[in-house]
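**Student:** Sequence first, predicted coordinates after that:
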Amino acid sequence: MSGPLSPALPAVAAGGPRTGPARRPRKRWGDRLLYGYTWLVLIWLFAPIAVMIAFGFNDTRSKSNVSWQGFTFKWWGRLGDYPDLTLAVVNSVTIALLATLITTVLGTLMGVALGRYRFRGQGATNLVMFAAISSPELVMGASLLSLFVSLGVQTGYYTIVIAHVLFAVSFVAVTVRARVVGLDPSIEEAARDLGASTWVTFWRVTFPMILPGVVSGALLAFALSIDDFVITQFTSGPTITFPLWIYGAVRIGVPPQVNILGTLIFAVGVAIAVINTVTSRRRT
Amino acid sequence: MTEIQAGRGAAVAAASGDSQVPAIELDGVVKEYQAQGEVVQAVKGVSLSIAEGEFFSMLGPSGCGKTTTMRMIAGFEDPSRGTVRLHGQDVTDVPPNKRDVNMVFQSYALFPHMSVWENVAFGLRRRRVPAQEIKNRVGAILEIVDLTGREKRRPREMSGGQQQRVALARALVNNPRALLLDEPLGALDLKLRQAMQMELKRIQREVGITFVYVTHDQNEALTMSDRIAVMNDGLVEQLAGPREIYERPATTFVAGFIGTSNLLSGTAERVDGGTALLRVGERGRVLVPVGDDVRQGGAVEVTVRPEKIRISVEEPAADVSAVPGTVAEVVYLGTYNSYAVNLAGGAEFTVFEQNASNSDITAERGASVWLSWQPQHSYAIGS
C-alpha cells in the first residue's frame, strides 16, 4: 500500500507499520469496554424482573417468599388461591383498559387540536397539561381526594378511572401533538380538495398518519394506569387494585401468586411492545 | 397543436366579451389578514377571467399574493371581499371539497400511507364512482403520466419526479373543470424541471383542461402559458400573452421582473404622430412610440430589451434611436457577449450581442461606442 510513497518519504514509510498495529488493539479494547458496559446496563435493568419471574417458581414453605427453596410449578396451579387478589388484578386490568380507552380518545382530540389549530386558551391548555405531567403524584392524589370528598362523591372504582384518565391524558395529548405538528398540512388540504369532507379527511388521512402516535400514547396510558399506586391509594375508597393489594400484603408476606401475576402482566406488555415495533417497522 | 389554438381562441373570445362562460372568474377579490393587531392585505383587489382550456400563469416574486389568489380559487382561503366564480357559478362560500377544481401542491401532499393507486383513486372514491370505472380511469391516467406498473408503490419509494406525476394524476383523474398548480416543479432540479415543463404542456394538450399555474420562474411562465398575470404586492401588474409581456411590459416592475430590461427616463422634447423624441446627454436621441397621454414636455420612461440593441463604433443613421456611451464591462457568454455600457445621460445599459460571424468583440472595456435600436423595439411606460 505504501509502495509508491516509501522511496520518496522514508520517514513516513518507517513510521507507518509502527502506528498501524499500535492503533488496532486500542480500538479493540475500547470495543470490549463498550460491550461489557452495555451488558452491565442490561443486567442492571433486567435483574429485578428476572428475580420476580424466578420467585414465581419458588417452592417456598413459609408465608414470605424471599429465600430460594427449590423449583416448582405448583403455584401456577394455585393461581386463584386468594380470591381478593384475583379481584384486585381484574380491577387493575379493567380500570387500565377503561382509562386507556377514554384517555386515548380525549388525548388524541386534544393533541390534534393543539397541534393543528390556533385558538384562544391554547397557551393555558399547554400549561395545564405540563402541570399535570410534572406535578407530584402525592399532591394530585391528595387534591383529588379533597375534591371528591367536598363534592360528596363516594370514592371507589370509577373515581380511580377518573383519576387515571386525568393524569394520563396529558401524556397521550403530548405524544399525538408531536405527531400532528410534524405533518404537512397540505396533505389534509389535498384530501379536502379531492372531495373529502372534514370527517372523511380525519378518518382516511389524518388518523392513519397520526396512528403511531396514538398507539404509543395508548400504551403509555395503559402502563401508567396499571401500576399506579399513589393516586390510586387516595381515590380508591373500598376498591382494591393489584398494586394496593401487594402493598397491603407486604407486612404479612407476598405469596408467589403475585410474582406469577406480575410475570403475566409483564409478558403481555412485552408482547404488545414487540407487535408495535414489528408493525411500525412495516409501516415505515 | 390544435388544442393550444383552441385554448388561445377561447381566451380571445372571453376577452372580447363573447357569450362563452369563462372557467374561472375573480371579481375584485381582496384577502386581508390580522397580523399583530394590524390588517395586512395579501391580495389587494384582483379581477381576472380565465378561459376554458387555457394555460394561465400567475407569475410574481414570493409574497406577491399569487399563491393566496390560487388558494381562494381552490377554496382554502375565504376572500375578505369580492367574488369567485367557476363556470359562471358563485362559489365564494363553497368549501373546497364541493368545488370542481383540483390542486397540485408544491410539496405534492401525497398520502404517505396509501399506494400510488390508492392515492390516485382517492378523489373518485369520494364521489362514489363505480369500482370498474375507477379501475379504468386510474389505469388510463397512470398511463398518461407514464407510471403504469408502479401502482403498488408507496410515495416515499419514488423519486421526486415520479411523486410529482402521481400528484398530477391524482388531480387530473377527477376530470376537474380546472387544475390549479402551485409551483409544482419548484422542488425538482433544473434538468428534470425542463423535462416536466414539456410534459405538463403535453398533458394539458391531451386532456384539454384549464390549467392555472403559479410560479415565480419567469422562464417557466413564458415557456408554457397562453396568458400570464404578472403580480406584485397583491395586484396584477399586467395580464397578457407571453410575447406581449416580454415585448411590451406595461409597468417598470414587469419590465424589471421579466428578463433583463434597460430603463431610460427623460422629457419628451417633441411629440409628433404618436412618436416622442427624447434627448439623452448632448448627442443622444431616442425615438419612442407613445400614447395620447404623453405631451410635449412630459416625463417619459423608455424600456429596451438588451438583445434589440446594436453596439457600434461609428455613429448610426438618423432614423434610429442612438445614444453614445462608454463600455464598462464585457462578458463573454458563449452564444453571445454581454456589454455593460454607461450612457451619456447617466443610465447603465446592458447589451447582448450574438456571436454570429466571429468571436471578435466589437468594443473593448473603456471604448466609446454608440448604442442604437429601432424605435418600434422600445416602449414608453406610463409612470
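**Tutor:** Thanks, I have the structure now.

**Student:** residues touching whatever residue of the stretch 251-383 of chain B ends up closest to chain A, list them.
**Tutor:** Chain A sits closest to B:Phe257 of the stretch 251-383 of chain B, with a gap of 26.6 Å, by C-beta to the nearest C-beta. Using the backbone N, CA and C atoms, a C-beta is placed for each residue, glycine as well. Contacts for B:Phe257 (C-beta atoms under 8 Å, 6 or more residues apart in numbering or on different chains) come out as B:59-61, B:218, B:230, B:232.

**Student:** Can you name the two of those that sit furthest apart?
**Tutor:** B:Gln218 and B:Asn232 (12.7 Å; C-beta to C-beta).

**Student:** Out of the contacts of B:Phe257, the closest to A:Ser67 would be?
**Tutor:** Nearest to A:Ser67 among these, with distances taken as C-beta to C-beta, is B:Pro61, at 80.5 Å.

**Student:** what about the stretch 101-250 of chain A, any weak spots by pLDDT?
**Tutor:** Along the stretch 101-250 of chain A, the model assigns pLDDT under 70 to no residue.

**Student:** Return the residues of it in contact with chain B.
**Tutor:** Residues of the stretch 101-250 of chain A lying close to chain B by C-beta under 8 Å from any C-beta of the partner chain are A:184, A:186-187, A:189-197, A:200, A:204-205, A:208-209.

**Student:** If you go by neighbour count, which of the residues you listed are buried?
**Tutor:** Applying 16 or more other C-beta atoms under 10 Å in any protein chain shown to these, the neighbour count classes A:186-187, A:189-196, A:200, A:204-205, A:209 as buried.

**Student:** Next, count neighbours for the closest residue to chain B within the stretch 1-150 of chain A.
**Tutor:** Scanning the stretch 1-150 of chain A for proximity to chain B using C-beta to the nearest C-beta identifies A:Arg118 as nearest, at 11.6 Å. Each residue near A:Arg118 was counted by other C-beta atoms under 10 Å in any protein chain shown, and the total is 7.

**Student:** Contacts only, for B:Gln162.
**Tutor:** By C-beta under 8 Å, 6+ apart, the neighbours of B:Gln162 are B:147, B:150.

**Student:** tell me the SS of it?
**Tutor:** helix (DSSP: H, G, I helix; E, B strand; the rest coil).

**Student:** Over to A:Trp44?
**Tutor:** Classified using three-state DSSP, A:Trp44 is helix.

**Student:** still on that earlier bit, relative to B:Asp217, how far out is the residue of the stretch 251-383 of chain B closest to chain A?
**Tutor:** 11 Å (C-beta to C-beta, to the nearest Å).

**Student:** Same question for B:His377.
**Tutor:** 25 Å.

**Student:** And A:Pro10, what's its pLDDT?
**Tutor:** As predicted, A:Pro10 sits at a pLDDT of 41.

**Student:** which residues of chain B score low on pLDDT?
**Tutor:** Short version for chain B, where the test is pLDDT under 70: B:1-19, B:357-361, B:382-383.

**Student:** center of it - which residue?
**Tutor:** Nearest to the mean C-alpha position of chain B, counting by C-alpha atoms, centre = their mean, stands B:Ala221 at 3.7 Å.

**Student:** That residue and B:Phe56 touch, don't they?
**Tutor:** No - here B:Ala221 lies out of contact with B:Phe56, judged by C-beta atoms under 8 Å, at a distance of 9.9 Å.

**Student:** Find residues that contact each of those two.
**Tutor:** In contact with both B:Ala221 and B:Phe56: B:213, B:228, using C-beta under 8 Å, 6+ apart.

**Student:** where exactly do the helices run in chain B?
**Tutor:** Using DSSP state H, the helices of chain B run over B:2-15, B:66-74, B:116-126, B:131-144, B:160-172, B:190-207, B:218-224, B:242-247, B:252-257.

**Student:** Domains in chain B, by residue range?
**Tutor:** B:3-253, B:260-380 (automatic domain parsing).

**Student:** ok, and which of these has the densest surroundings?
**Tutor:** domain B:3-253 (a mean of 19; mean count of other C-beta atoms under 10 Å in any protein chain shown).

**Student:** So what sits opposite B:Gln41 in the bridge?
**Tutor:** For B:Gln41, the beta-bridge partners are B:Glu32 (DSSP bridges).

**Student:** B:Lys31 versus that one, what's the distance?
**Tutor:** 7 Å.

**Student:** One more: B:Met196?
**Tutor:** Plainly put, B:Met196 is 29 Å away from B:Lys31 if you go by C-beta to C-beta.

**Student:** do B:Ala268 as well
**Tutor:** 40 Å.

**Student:** Kindly report the same for B:Thr362.
**Tutor:** For B:Thr362 relative to B:Lys31 (C-beta to C-beta), the value is 51 Å.

**Student:** same check, this time on A:Val149
**Tutor:** Following C-beta to C-beta, the distance that separates A:Val149 from B:Lys31 is 55 Å.

**Student:** now do B:Met231
**Tutor:** For B:Met231, the distance to B:Lys31 - C-beta to C-beta - is 13 Å.

**Student:** How far off centre is stretch A:187-204?
**Tutor:** Centroid separation for stretch A:187-204 versus its chain: 32 Å, with C-alpha atoms, centre = their mean, to the nearest Å.

**Student:** Then stretch A:240-251?
**Tutor:** Distance, centroid of stretch A:240-251 to centroid of chain: 21 Å (C-alpha atoms, centre = their mean).
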